[in-house]
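Asker: A structural model of the following input is requested.
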Amino acid sequence: MHITSIVEALVESGATPEMILCAVRAAEAGLQSDIDRRRASDRERQQRRRAHVTSQALTATNATPLSDKERSPTPPKEINSPDNTQTLQREHRLPAHKRAVRLPEQFEPDRDFAARLGFGAAEVETELEKFRDYWTAKSGRDAAKLDWPATWRNWMRNAKGPRKSHRPHAPPRESAFARHQRACRHAIERELNGNRDNDEPTDTTPTFDLEPRDYRAH
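Answerer: Numbers count the residues shown, from 1 in each chain. Below you'll find the model as predicted:
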């Protein structure tokens, strides 16, 4: 029954204002009690629902243990927008003077460095032509260099021919055993030829072979 209906009935019956006020207060108290009971019932129902959900989750966890991948949250994916990609490329891009380039067409080497190594002017020009032909024809990443002057200096250090002196090979040294054999042969030839000093064989010089023995010097 609404409070308005209660008040109208009391007024029609000739109730005093005090009576009407007491009746309204009693009605409001009863209405508030109904509201409190409904709220308490709702809270109890929600608690039972949460307890049921928690028990189901614990049962599933005990039955099938979670893997490390399922336990750890998945990090959010990074979205590489065109602006971010360009920014990263600019940050990692080497300065212009630090990037490897192919041999410039107008490259001029350090000729004084080659001269200090002993190369003549003509030899330097020959090596420069070989240097340009080699690196112009070369392909791949190795054809680009960071420092072409340093590459030229290494080329001249490794160049073969101009700085090397071609000395004739010295005759092989005669061993003591070979000298002893030669002296024995000459002595035998002098005895057979009548102690002549001429070591050159003549038509009458007999041919002989030395017997196998130890002819080493003692």
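Asker: thought L146 was touching K98?
Answerer: Yes - the pair L146 / K98 is scored as a contact, 6.8 Å apart, by CB atoms under 8 Å. C-beta: built from backbone N, CA, C; applies to glycine.
Asker: neighbour count winner among the two?
Answerer: L146 (12 against 9; other CB atoms under 10 Å).
Asker: In contact with that one, which residues?
Answerer: Taking CB atoms under 8 Å, 6 or more residues apart in numbering, we find L146 in contact with 98-100.
Asker: Kindly recompute the last result at 6 Å.
Answerer: A100 (CB atoms under 6 Å, 6 or more residues apart in numbering).
Asker: By mean pLDDT, which helix or strand of the protein comes out lowest?
Answerer: helix 82-92 (a mean of 53; mean pLDDT, DSSP states H and E).
Asker: does P109 count as helix, strand or coil?
Answerer: coil (DSSP: H, G, I helix; E, B strand; the rest coil).
Asker: So what's the residue count around the nearest residue to it once chain neighbours are set aside?
Answerer: The spatial neighbour of P109 that comes closest, neighbours along the chain excluded (CB to CB, 6 or more residues apart in numbering), is W152 at 4.4 Å. With neighbours defined by other CB under 10 Å, the count for W152 comes to 23.
Asker: what's the spacing between I20 and E12?
Answerer: 11 Å (CB to CB, to the nearest Å).
Asker: ok, these two, which is more surrounded?
Answerer: Using other CB under 10 Å as the criterion, I20 and E12 rank with I20 on top: 16 against 8.
Asker: mean confidence score for the next helix or strand after the least confident helix or strand of the chain?
Answerer: Note on helix 82-92: by DSSP states H and E, the next helix or strand toward the C-terminus is helix 111-116. Regarding helix 111-116, the rounded mean pLDDT is 93.
Asker: list the buried ones in helix 111-116?
Answerer: For helix 111-116, burial by neighbour count (16 or more other CB atoms under 10 Å) applies to A114.
Asker: Need the residues that contact that helix.
Answerer: 124, 153, 156.
Asker: can you put these in a markdown table and add pLDDT, secondary structure and neighbour count?
Answerer: What follows is the contacts of helix 111-116, written out as a markdown table (pLDDT from 0 to 100; DSSP: H, G, I helix; E, B strand; the rest coil; neighbours: other CB atoms under 10 Å):
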| residue | pLDDT | secondary structure | neighbour count |
| --- | --- | --- | --- |
| V124 | 94 | helix | 21 |
| R153 | 95 | helix | 16 |
| M156 | 94 | helix | 24 |
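Asker: host element of the residue nearest to P109?
Answerer: helix 148-158.
Asker: ok, residues contacting that helix?
Answerer: 107, 109, 113-114, 117, 131, 145.
Asker: Tell me where this structure has helices.
Answerer: 3-12, 17-63, 68-71, 82-92, 111-116, 121-137, 148-158, 176-192 (DSSP state H).
Asker: how close does D142 sit to Q106?
Answerer: 22 Å.
Asker: likewise A26?
Answerer: Distance, A26 to Q106, using CB to CB: 109 Å.
Asker: of the two, who's got more company?
Answerer: Legend: neighbour count by other CB under 10 Å for A26 and Q106, higher for A26 (12 against 5).
Asker: Cheers, nothing more for now.
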